[in-house]
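> below are the sequence and a predicted model; questions follow.
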Amino acid sequence: MSFSGVDIKTYFPGIIFIDYQLTKIMFWSYDMKLALTGLMISTLLMATVAHAQISASDVPATLTITGIARGSSEATCALAANASAIYLRGDVSNLIELGDDADNMTFVPLHIEGNKECDALIEQGKLSYRFLGTADDSQGSALANASTGENAATGVAIGLFDNKGKPVSINSTAYTVSKDAQQGIGFQVVKLKDQTATAGTVHGVLTIDVERL
């Protein structure tokens, strides 16, 4: 497919299964490569699909995210966010509310590497991260639970957080890319305000968009 004249090829490196109370939960990871023209690094899209079970127990899963953007002329940048395991803890009786600071988030570091031209873009503050997806129907700042059916959790969403546990608003907040090893995005299930949280499955799709400023 194409995005604003940019060819995007999607690769599926594999599906990882985990067992939780005899229920199969699937985690997909996507590698997406963009062929860009000239020095313009306009967009780098990376999508991950994740499932979690809201219960009193932890749910382990494996997540690997990689992406690359190549300029046909000089700049070559690669984006990677790798985590060997993710643990989403969700006890419906003890969830933080949307808008609160995280107290038990899962943090995924984001990292961009490249040649000297790419490094120059980073040093000049010309690349930024933006986190995109379907927003919750309460305040519109967290990733909505896309699960449906009788087993879907209700009254909850997937909160996004910076490395200090401060909330990150989906579809709006942009962060300038740096070489800081602590840069990344955190995840924690949150309770929607004025709603009753019920146990069940949580599903969300997040796009990490890297833009040239």
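Received it, and whenever you're ready, just let me know what you need. Numbering: from 1, shown residues only.

> can you list contacts of the helix or strand hosting F131?
F131 belongs to strand 127-132 when assigned by DSSP states H and E. With Cβ atoms under 8 Å, 6 or more residues apart in numbering as the test, strand 127-132 has contacts from 41, 77, 110, 112, 121, 160, 168, 170-171, 173-177, 185, 206-213. (C-beta placed from N, C-alpha, C; glycine too.)

> among the residues you listed, which lie within strands?
77, 112, 160, 168, 174-176, 185, 206-212 (DSSP state E).

> from the residues you listed, pick the one nearest T198.
L160 (21.9 Å; Cβ to Cβ).

> for that closest one, list each beta-bridge partner.
When bridges are called by DSSP bridges, L160 pairs up with V168, F187.

> buried residues in stretch 92-101, which are they?
For stretch 92-101, a neighbour-count test (16 or more other Cβ atoms under 10 Å) marks V92, L95, I96, L98 as buried.

> between these, which is nearest A181?
I96 (26.0 Å).

> just the buried subset of the ones in strands among the contacts of strand 127-132, written out for PyMOL, thanks.
Buried members of those, identified by 16+ other Cβ under 10 Å, are gathered into one PyMOL selection as follows:
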select buried, resi 77+112+160+168+175+185+206+208+209+210+212
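
> surely V202 is in contact with G90?
Yes. Applying Cβ atoms under 8 Å, one finds V202 in contact with G90, separated by 7.3 Å.

> with neighbour numbers in mind, choose between those two.
For V202 versus G90, neighbours defined as other Cβ atoms under 10 Å are more numerous around G90 (26 against 23).

> how much space is there between that one and A174?
28 Å (Cβ to Cβ, to the nearest Å).

> got it, and G204?
Taken as Cβ to Cβ, the span from G204 to A174 is 20 Å.

> before I go, just wanted to say thanks for your time.
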